[in-house]
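[1] Take this sequence and fold it.
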Amino acid sequence: MSLTLYQHPLASFCHKVLIALYENETPFESFLVDLGNPDAAARFRQLWPLGKMPVLHDAARGETVPETSIIIEYLDRHYPGRERLLPEDPDAALQVRLWDRFYDLHVSQPMQAIVAERLRPAADGKDPHGIAAERATLDTAYEMIEQQMATHRWAAGDRFTMADCAAAPALFYAGIVHPFGATHGAVAAYFERLLARPSMQRVLDEARPYFHLFPYREDMPERFVKAEV
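    This next block holds a predicted model:
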């Protein structure tokens, strides 16, 4: 098989690429990266020295492709499926890229900072002011998503795209660490549409055995812990 995705089933950025692969039923092999294993970590860093997941290796073309958005665009260009995840129209493609970056930078990254703070040993000192700023960023992001989704079915229009691949795991984890609240009805409705995608359901099924490792596991809604979403 030509494509190998180096990933971990619990990682939100890995979910983003997996959703893209599953949307188009793209054949690939999955290699689970255990960064806690020195040998496995060393092997992975030989492939990508920064050691950040996911990374796609394409044996047929001799390419190693890092970074989620680049991976999805690479797949869309070289392994297109029934769902084009980046529009051919340049202006529409810019909107997809905008909202893709929005979810990565302004939803996923603040969420990850909040999770990382919970993992920080007390002896290293906590950063309540920094976490308050990350939560404020999420509040602003939720307001912007609420406005966008009041008039859109999907993140950047009326078709599922790369931006929705980014939005699904971002909102899944962010909604656990910093819930949307009852005032964000359009955000919540959009999130339910994302959850209904078979690609997202498959990603959550594969992640479920690892949810006990998530630092906010006690805040995870029971419906995600069970076998059905």
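[2] Show the contacting residues for K52.
    P66 (CB atoms under 8 Å, 6 or more residues apart in numbering). Where C-beta positions appear, they are placed from N, C-alpha and C, glycine not excepted.
[3] ah, wrong one, I meant K16
    T68, I72, D104, C165, A166, A168, P169 are the contacts of K16 under CB under 8 Å, 6+ apart.
[4] Double-check that it belongs to a strand.
    No: the assignment for K16, made by DSSP: H, G, I helix; E, B strand; the rest coil, is helix rather than a strand.
[5] re earlier: can the contacts of K16 go into TSV with extra columns for distance to A141 and pLDDT?
    Below are these laid out as TSV (distance: CB to CB, whole Å; pLDDT from 0 to 100):
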residue	distance to A141	pLDDT
T68	18	98
I72	21	98
D104	11	98
C165	17	98
A166	12	98
A168	15	98
P169	14	98
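[6] Among the residues you listed, which ones are in helices?
    Counting by DSSP state H, the contacts of K16 place T68, I72, C165, A166, A168, P169 in helices.
[7] how many neighbours does the fourth one have?
    Burial measure for A166: 31 neighbouring residues, criterion other CB atoms under 10 Å.
[8] hang on, it packs against L105?
    No: A166 is beyond contact range of L105, at 9.7 Å (criterion: CB atoms under 8 Å).
[9] before we move on, the earlier item: out of the ones in helices among the contacts of K16, which is nearest to A207?
    The nearest member of the ones in helices among the contacts of K16 to A207, counting by CB to CB, is P169 at 9.2 Å.
[10] count of residues packed around the closest one?
    29.
[11] Over to the one 4 residues further on?
    Y173 has 22 neighbours, counted by other CB under 10 Å.
[12] same check, this time on A182
    Neighbours of A182 using other CB under 10 Å come to 7.
[13] now do the one 10 residues further on
    Residue crowding around E192 was assessed by other CB under 10 Å; the count is 10.
[14] so it, which of the three states?
    helix.
[15] With P215 instead?
    coil.
[16] where does this structure have low pLDDT?
    Judged by pLDDT under 70, the chain has its weakly predicted residues at 1, 123-125, 227-229.
[17] one step back: CSV for the ones in helices among the contacts of K16, including distance to D158?
    As requested, those are exported to CSV (distance: CB to CB, whole Å):
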residue, distance to D158
T68, 23
I72, 19
C165, 16
A166, 17
A168, 17
P169, 22
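[18] so which of the residues you listed comes closest to R120?
    Among the ones in helices among the contacts of K16, and counting by CB to CB, the member closest to R120 is P169, at 22.5 Å.
[19] That closest one against P9, yeah?
    No: P169 sits out of contact with P9 when judged by CB under 8 Å, with a separation of 11.3 Å.
[20] so how far is the helix ranked longest in the chain from its chain's centroid?
    In the chain, assigned by DSSP H, the helix with the most residues is helix 128-149. Distance, stretch centre to chain centre, for helix 128-149: 17 Å (CA atoms, centre = their mean, to the nearest Å).
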